[in-house]
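[1] Sequence and predicted structure below; questions after.
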Amino acid sequence: MGNTMLPLVLGTLALLVLQFIVVRGHGRARAVIGVFVVGLAVGVLALNSWLAPPRFLPAASTSSLAKSVANDIRQGLGTPDLEGFFILDGGSYSARGVDDAMLEQRLSRRLGAPIQVLTLSLAGGNQLERWKVLENALALLDRDERDAFLASRKTLLLEIHAQYDRYPLVQLRRNRYSDRAYAYLDTEVALEVARTERGRMEPDEYRRLWIDVLGHAMVNIMNIGLATRVVSAEDVLPGGGYDPLDGPARGYRFKGTKSARQSLKQPPLEAEELPWHNIERRRARYARVLDGGSKPQIIYFSVPTPRTFDLTYARGFCAAVSGFSCIDHSHWGLLERLDDKRFWYDDGHMQRRGAEIYTRWLSSRLAKAVKQTGEQGT
């Protein structure tokens, strides 16, 4: 249950104190009210505990992704001489642009040992939603599996994305009151939102965000309709992750990558313009979930787009971040290779053939970064 039930417990205690003050001198009434409040709290707590993973999962598409990640962890733990796990955390850029099966195959070959890719990439999924998917996946494991995974070697691949970095809860208003929103918006996420900076968000927009957060969180705290919003974990089919596109968006006109290539001659984004607090909070969230004796190696990466701003941001990010490997797409040859309308769905997402080109390029850079870290640690 963790922090999710803390407000409910505190609220229940407050009600108990209040009823003793209000009905003082009426012993029978006081006892009845006390028993009722305690019974209500115990019932809500018991229901929340019973309907949580590993028995049940939210009735949302993200549960298929959590089930897939849990299955992949078990597969990796059963693989002889496994080099380690690569946890791929990204939004729709990665979900459309990184072929996880190809990445796993090519990294295994380059590193000389099998690896297991765990794909958290989720189209339309913000950083907090993807983090909760990993929490649910780990909850599906038994204790021995979870301990073995946490003790294993892990590499955390974090997608660089200006919008998600600045606003970790972006996309909520588009998906509010949906099964996916209720699946992750609890008090734990609300506390994380409180710890992030709002960036350039206007006060009215920030107020609306908090109304949405608290509205969803209260529904989850009080278990309103919870029994109808969960399904048996055994009935959830694994799925999600890499979701390739095989044609352009209707009406899309590709303008080429020339402007992005030319921007390589210009200065990147200044370090002070980056949302450092939110970037550090993201690492801290994963550190809490993955803490278990083996600290994950963190590698940042950016997925190519034809947009100049995305490249300028990624270049500035990698130039400023310290203590972590960082792979941006500021590679003239890669951008030139992707300068073809057949590779693009729109200005933010590649088609399947574009994803294959990028995944091959990314795998070689990741293997090099992992080897360099290993050499520095010996």
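    Thanks, I have it. As the structure is a prediction and not an experimental result, all values here were calculated from the model.

[2] for the stretch 151-300 of the chain, what spans make up the helices?
    162-166, 172-175, 179-184, 187-195, 203-221, 258-262, 276-290 (DSSP state H, counting those that start in this stretch).

[3] Output those helices as CSV; include the columns mean pLDDT.
    Compiled in CSV, these are given as follows (pLDDT from 0 to 100):
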stretch, mean pLDDT
helix 162-166, 93
helix 172-175, 82
helix 179-184, 89
helix 187-195, 90
helix 203-221, 86
helix 258-262, 97
helix 276-290, 94
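
[4] Just put those in a markdown table and tack on distance to residue 366 and mean neighbour count.
    Placement of C-beta: from N, CA and C, glycine included. Shown next, in a markdown table, are the helices of the stretch 151-300 of the chain (distance: least, C-beta to C-beta, whole Å; neighbours: other C-beta atoms under 10 Å):
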| stretch | distance to residue 366 | mean neighbour count |
| --- | --- | --- |
| helix 162-166 | 20 | 19 |
| helix 172-175 | 31 | 15 |
| helix 179-184 | 28 | 21 |
| helix 187-195 | 28 | 18 |
| helix 203-221 | 34 | 16 |
| helix 258-262 | 22 | 16 |
| helix 276-290 | 18 | 15 |
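
[5] could those go into CSV alongside distance to residue 90?
    Shown next, in CSV, are these (distance: least, C-beta to C-beta, whole Å):
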stretch, distance to residue 90
helix 162-166, 9
helix 172-175, 17
helix 179-184, 16
helix 187-195, 18
helix 203-221, 22
helix 258-262, 19
helix 276-290, 12
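
[6] Low-confidence ranges, the stretch 1-150 of the chain, go.
    1-52 (pLDDT under 70).

[7] of the helices of the stretch 151-300 of the chain, which approaches residue 108 most closely?
    If you check each of the helices of the stretch 151-300 of the chain against residue 108 by C-beta to C-beta, helix 276-290 wins as the nearest, at 21.5 Å.

[8] What helices and strands are in contact with that closest one?
    On a contact count with 3 or more C-beta pairs under 8 Å, 6 or more residues apart in numbering; DSSP states H and E, helix 276-290 meets helix 127-139, strand 154-159, helix 162-166, helix 187-195.

[9] Need the residues that contact the longest one.
    Spelled out, it's helix 127-139. Helix 127-139 has contacts (C-beta atoms under 8 Å, 6 or more residues apart in numbering) with 52-54, 57-58, 62-63, 65-67, 69-70, 73, 87, 89-91, 118, 120-122, 125, 146, 149, 164, 168-169, 171, 180, 183-184, 189, 192-193, 282, 285-286, 289.

[10] likewise stretch 254-274?
    Applying C-beta under 8 Å, 6+ apart, the set of residues contacting stretch 254-274 is 165, 248, 304-308, 311-313, 315-317, 319-320, 330, 332, 335-336, 338-341, 344, 347.

[11] Filter the residues you listed down to the buried ones, PyMOL style.
    Applying 16 or more other C-beta atoms under 10 Å to the contacts of stretch 254-274, the buried members can be selected in PyMOL as follows:
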select buried, resi 165+248+304+305+306+307+308+311+312+313+315+316+317+319+320+330+335+338+339+344
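
[12] that older thread, tell me which of the helices and strands packed on helix 276-290 sits nearest to residue 80.
    Here strand 154-159 is closest among the helices and strands packed on helix 276-290 (C-beta to C-beta), at 18.1 Å.

[13] And that closest one, how far out from the chain middle?
    In terms of C-alpha atoms, centre = their mean, to the nearest Å, the centre of strand 154-159 is set 11 Å apart from its chain centre.

[14] Tell me which strands that strand pairs with, and in which orientation.
    Applying DSSP bridges to the sheet, strand 154-159 is found paired with strand 84-89 (parallel), strand 297-301 (parallel).

[15] The next helix or strand after the shortest one to strand 154-159, inter-axis angle?
    The reference is to strand 297-301. Later in the chain than strand 297-301, the nearest helix or strand by DSSP states H and E is helix 308-320. Angle of helix 308-320 versus strand 154-159, following axes from the mean of the first three to the mean of the last three C-alpha atoms, to 10 degrees, is 140 degrees.

[16] I'd like the next helix or strand past helix 308-320.
    strand 325-327.

[17] Does anything pack onto the longest helix anywhere in the chain? Which helices or strands?
    The helix that spans the most residues within the chain, counting by DSSP state H, is helix 352-377. Of the remaining helices and strands, those touching helix 352-377 by 3+ C-beta pairs under 8 Å, 6+ apart are helix 92-97, helix 100-111, strand 154-159, strand 297-301, strand 325-327, helix 332-337.
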